[in-house]
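Chemist: here you go, sequence then predicted model.
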Amino acid sequence: MRHHTLDVIGQVKGRGLKSAASLSFHCLLRSVNEQTADTFGHFFTICWCLKNNHIAYLQFREDAMRNFLLCFAAGCVGGVIYCVVMWLFSRYGISQSLGVSLYGSVAPQWMYPRIVWGGLWGLLFLLPMLTSSIFLRSFVISLIPTFVWLFIIYPFYAGKGFAGLQLGLLAPLLVWFFFWVWAFASVVTLRLAR
């Protein structure tokens, strides 16, 4: 019955189920489990639920794409700042005074891959963790690319030894610092963009 169907929808809304997905799921379960409802009532309930579920799906897809693009763009901004800070450390001899052979540049061919990788690493900000503290979130997120560089890229692909120690004894600390700068700049950019 149409009255029964509207009653089901009213009950679900009254329970505080705000999302169309949960409303649709409850409507479908209720209409399948109720043996007294007629065929038109089932059809009306299913059509109403599918229509609203489609709207919720489109809204979810739009929000997901917006978050994806924001995180990628924030990671790219962080990548630019990472490159500039690394170049400044090289230019003013800070890296060399620490005994570390890490050099930065502002040449486009050096910056471009680091900016793109910064954007890809920026997708880590899609993870819903530690969103309340900028410093804690940037610290934790920076550890992930740092570990990848120290324990995968440097020893196996760049030939710089375990944890990049051939670059200098303080290389792991400096690599982490540069990635923390990237993560902090990315988090600040995300906060400003939202």
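Modeler: Everything's here; your move.
Chemist: double-check T189 against G79; I have them as touching.
Modeler: No. Shown here, T189 and G79 do not form a contact pair, counting by CB atoms under 8 Å, at 10.7 Å. Using the backbone N, CA and C atoms, a C-beta is placed for each residue, glycine as well.
Chemist: neighbour count winner among these two?
Modeler: Under the criterion of other CB atoms under 10 Å, the comparison of T189 against G79 puts G79 first, with 25 against 21.
Chemist: residues touching L143, list them.
Modeler: Residues near L143 by CB atoms under 8 Å, 6 or more residues apart in numbering: 176, 179.
Chemist: pLDDT score assigned to it?
Modeler: Listed pLDDT for L143 reads 94.
Chemist: how much space between it and R61?
Modeler: 31 Å (CB to CB, to the nearest Å).
Chemist: check T146 too.
Modeler: 33 Å.
Chemist: more neighbours: the two, which one.
Modeler: T146 (21 against 10).
Chemist: so that one makes contact with F179?
Modeler: Yes. With contact defined as CB under 8 Å, T146 and F179 form a contacting pair (4.7 Å).
Chemist: check contacts around the closest residue to L170 other than its chain neighbours.
Modeler: Sequence neighbours aside, L98 is the residue nearest to L170 in space, at 4.9 Å (criterion: CB to CB, 6 or more residues apart in numbering). Contacts of L98 were listed using CB under 8 Å, 6+ apart, and they are 168, 170, 174.
Chemist: let me have those residues in a markdown table, extended by neighbour count.
Modeler: As requested, these are exported to a markdown table (neighbours: other CB atoms under 10 Å):
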| residue | neighbour count |
| --- | --- |
| G168 | 18 |
| L170 | 15 |
| L174 | 20 |
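Chemist: name the nearest of the residues you listed relative to F151.
Modeler: L174 (15.7 Å; CB to CB).
Chemist: for L192, see how far away the closest one is.
Modeler: 27 Å.
Chemist: buried sites along stretch 96-116?
Modeler: 100, 102, 104, 111, 114-115 (16 or more other CB atoms under 10 Å).
Chemist: ah, wrong one, I meant stretch 158-167
Modeler: Buried-residue list, stretch 158-167, by 16+ other CB under 10 Å: 160, 163-164, 167.
Chemist: ok, and what's touching it?
Modeler: In contact with stretch 158-167 (CB under 8 Å, 6+ apart) are residues 100-102, 149-151, 154-155, 171-172, 175.
Chemist: so which of the residues you listed belong to helices?
Modeler: Using DSSP state H, the members of those that fall within helices are 171-172, 175.
Chemist: want to throw those into JSON lines with pLDDT, neighbour count and distance to A185?
Modeler: Converted to JSON lines, these look like this (pLDDT from 0 to 100; neighbours: other CB atoms under 10 Å; distance: CB to CB, whole Å):
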{"residue": "A171", "pLDDT": "90", "neighbour count": "24", "distance to A185": "21"}
{"residue": "P172", "pLDDT": "92", "neighbour count": "21", "distance to A185": "21"}
{"residue": "V175", "pLDDT": "93", "neighbour count": "24", "distance to A185": "16"}
